[in-house]
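K.L.:
Sequence below, structure please.
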Amino acid sequence: MSADTPQCVQSPENSYRLWLWPDQVWRQSAAARHWSYSETYFRLIISRPKGWEWWVSWGQAKRRSPHQLPYTRYSRSPLIRQITLSSAMLTFQPPGFEQKVTETSLGIMAYYTQIVGGLWDPPQSSPDQGTLVCLHSLGGGSSAYEWSKVYGALAADYRIIAPDLIGWGQSAHPKRDYCPEDYCDLIAHLIEQVAGAPAVVAATSLTAGVVVRLAIQRPELFKALFLVSPSGNDDFGVGYAFSPPAILAGTPIIDRLIYQWGAANEAAVTQFLTNFLFAHPERITPEIVQAYTTCTQQPNAEYAALASLKGDICFDLTRYIGQLRVPTTIVGGEKAQFNRPDKTQRLAAMNRQAIQAVHVVPDVGVLPHVEAPSVVVGLLRAFLRETGDTGTPASSRSSLVG
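P.N.:
The predicted structure follows:
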């Protein structure tokens, strides 16, 4: 089999054909209208004999003539559609995990879970809890990787569902003005269509705030919540939308420059992790930097990131937290800059009935599950065991984890 002439394999039921190149596989439906693509990420495929280059993207393909300059004057074809995302981010996933997709109203959403029959072969119903949904934060470079060191340690006991939310990681990145309602809808879709309700959900920061709002609207979706540094980014009426970062991020042209030079490169990611997220920069590994950088450089990644930065997704969580009825545990970092422990305690004090425990992890920043994953694994495992055994809130308590 040469690179120029692919091998065609007909499926037994005659419903699709596989076109095989040495390093690529395409699947063509019987109607020749739907294709899937695997093995490579945004790698071109040369059509013969005319030499057209097809560049695959989410929900479409772009065609370039060999006579055109690189990356210019693409034309679109409605006949080709990518429904299988690349394995690029699998590099950063624990062994025994695979990438799957679910189609949402905003496009394809990728998620990671254990390979059935693979290394972990997760039980369909564990004695403790069953399925754990892990939701990353909504900041530049965020993806399912954020929780990977935690759920990798729980993979033998729980079925894991860890998505790249729309606009982040390797999910679709539609050009749109994102809002909290978008993520409420996406999380509800994930639980209903993939995880199954009621679900135990672990979520971070602004996403955790969105989960609180969704749990108030639709409590039947949730069994319990494990929230790390929950926030609406505008809590206690701080007026985030009028802050200098939000104003600059909302200024045309400047916003793209901010993202390109201040987020979408390795140096910017390293500086951001060092100055704002981690209490100890020496804990920042090359893998963490690479994973975050890879996500910031996805096509159209700036739309969701800038929506968060300029305040379009932000809200005052204190307006909602008192209405929460789902059993909840909160975890924060002692040295978190954005969500300080005193703010977390104030938030928890507004609803002692639902918020049964607040744990402060010492000597870490705003993402303790990234900076000190082993500590969070212990807290989460105890939380899952308690939730599975009792199914009812424990007595309200606070602790400094030693």
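K.L.:
looking at the protein, which helix or strand does the model trust least?
P.N.:
strand 75-77 (a mean of 34; mean pLDDT, DSSP states H and E).
K.L.:
Mind checking what helix or strand follows it in sequence?
P.N.:
strand 97-104 (DSSP states H and E).
K.L.:
Now do the buried residues in that next one.
P.N.:
For strand 97-104, burial by neighbour count (16 or more other Cβ atoms under 10 Å) applies to F97, Q99, K100, V101, T102, T104. Every C-beta, even on glycine, is put in place using the N, C-alpha and C of the backbone.
K.L.:
if we take those residues, which one ends up nearest to K335?
P.N.:
F97 (30.6 Å; Cβ to Cβ).
K.L.:
Could you give the bridge partners of the closest one?
P.N.:
Beta-bridge partners recorded for F97 (DSSP bridges): Q114.
K.L.:
Going by residue numbers, what spans are strands in the stretch 251-400 of the chain?
P.N.:
Ranges of strands in the stretch 251-400 of the chain, per DSSP state E, counting those that start in this stretch, are 328-333, 355-361, 397-400.
K.L.:
so which of the ones you listed comes closest to H189?
P.N.:
Ranking the strands of the stretch 251-400 of the chain by proximity to H189 (Cβ to Cβ) places strand 328-333 first, at 21.9 Å.
K.L.:
Give me the helices and strands touching the closest one, please.
P.N.:
Packing partners of strand 328-333 (3 or more Cβ pairs under 8 Å, 6 or more residues apart in numbering; DSSP states H and E): strand 222-228, helix 341-349, strand 355-361, helix 368-371, helix 373-390.
K.L.:
Report pLDDT for the residue nearest the centre of the chain.
P.N.:
With distances taken as Cα atoms, centre = their mean, D164 lies nearest the centre of the chain, 2.9 Å away. pLDDT, D164: 95.
K.L.:
what stretches of the protein score poorly on pLDDT?
P.N.:
1-89, 122-129, 241-242, 244-246, 248-250, 389-402 (pLDDT under 70).
K.L.:
Please enumerate the helices of it.
P.N.:
In the chain, the helices defined using DSSP state H lie at 145-154, 180-190, 205-217, 244-249, 254-262, 266-272, 286-296, 301-309, 341-349, 368-371, 373-390.
K.L.:
I'd like the ones you listed written out as CSV, with distance to I321 and mean neighbour count added.
P.N.:
Shown next, in CSV, are the helices of the chain (distance: least, Cβ to Cβ, whole Å; neighbours: other Cβ atoms under 10 Å):
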stretch, distance to I321, mean neighbour count
helix 145-154, 23, 24
helix 180-190, 14, 20
helix 205-217, 6, 24
helix 244-249, 22, 15
helix 254-262, 31, 15
helix 266-272, 28, 17
helix 286-296, 29, 20
helix 301-309, 20, 23
helix 341-349, 6, 18
helix 368-371, 20, 28
helix 373-390, 19, 18
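K.L.:
Distance to F92 for these - can I get that in CSV?
P.N.:
CSV is the format used below for these (distance: least, Cβ to Cβ, whole Å):
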stretch, distance to F92
helix 145-154, 5
helix 180-190, 20
helix 205-217, 19
helix 244-249, 27
helix 254-262, 22
helix 266-272, 14
helix 286-296, 4
helix 301-309, 16
helix 341-349, 28
helix 368-371, 12
helix 373-390, 14
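K.L.:
between the ones you listed, which gets nearest to T91?
P.N.:
Using Cβ to Cβ, the helices of the chain put helix 286-296 closest to T91, at 8.2 Å.
K.L.:
That closest one packs against which elements?
P.N.:
With contacts defined as 3+ Cβ pairs under 8 Å, 6+ apart, helix 286-296 has these neighbours: helix 145-154, helix 266-272.
K.L.:
Closest one of the buried residues of strand 97-104 to I216?
P.N.:
Among those, T104 lies closest to I216 (Cβ to Cβ), at 21.5 Å.
K.L.:
Now do the contacts for the nearest residue to that closest one once chain neighbours are set aside.
P.N.:
Spatial nearest neighbour of T104, excluding adjacent residues (Cβ to Cβ, 6 or more residues apart in numbering): H189 at 5.2 Å. Going by Cβ atoms under 8 Å, 6 or more residues apart in numbering, H189 touches T102, T104, S105, M109.
K.L.:
Same list (those residues) but as JSON lines, adding distance to D121.
P.N.:
Formatted as JSON lines, the contacts of H189 follow (distance: Cβ to Cβ, whole Å):
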{"residue": "T102", "distance to D121": "22"}
{"residue": "T104", "distance to D121": "28"}
{"residue": "S105", "distance to D121": "33"}
{"residue": "M109", "distance to D121": "24"}
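K.L.:
And the furthest pair within the residues you listed?
P.N.:
Longest span within these, Cβ to Cβ: T102 and S105, 11.1 Å.
K.L.:
For the residue nearest to V370 when sequence neighbours are not counted, list the residues it contacts.
P.N.:
Among residues not flanking V370 along the chain, E146 sits closest, at 5.9 Å (Cβ to Cβ, 6+ apart). If you count contacts by Cβ under 8 Å, 6+ apart, E146 has them with H136, S137, T204, L367, H369, V370.
K.L.:
can you list these in a markdown table and add distance to Q114?
P.N.:
A markdown table is the format used below for those (distance: Cβ to Cβ, whole Å):
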| residue | distance to Q114 |
| --- | --- |
| H136 | 18 |
| S137 | 23 |
| T204 | 21 |
| L367 | 24 |
| H369 | 19 |
| V370 | 21 |
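K.L.:
Out of these, which is nearest to T294?
P.N.:
Of these, the one sitting nearest to T294 (Cβ to Cβ) turns out to be H136, at 13.8 Å.
K.L.:
thought the closest one was touching W168?
P.N.:
Yes. Under the criterion of Cβ atoms under 8 Å, H136 makes contact with W168 at 6.9 Å.
K.L.:
any common contacting residues for these two?
P.N.:
Counting by Cβ under 8 Å, 6+ apart, the residues touching both H136 and W168 are S142, S143.
K.L.:
How many residues are close by I253?
P.N.:
Neighbour count for I253, taken as other Cβ atoms under 10 Å: 7.
K.L.:
rewinding a little: list just the one of the helices and strands packed on strand 328-333 that sits closest to D185.
P.N.:
Closest approach to D185 among the helices and strands packed on strand 328-333 (Cβ to Cβ): strand 222-228, 15.4 Å.
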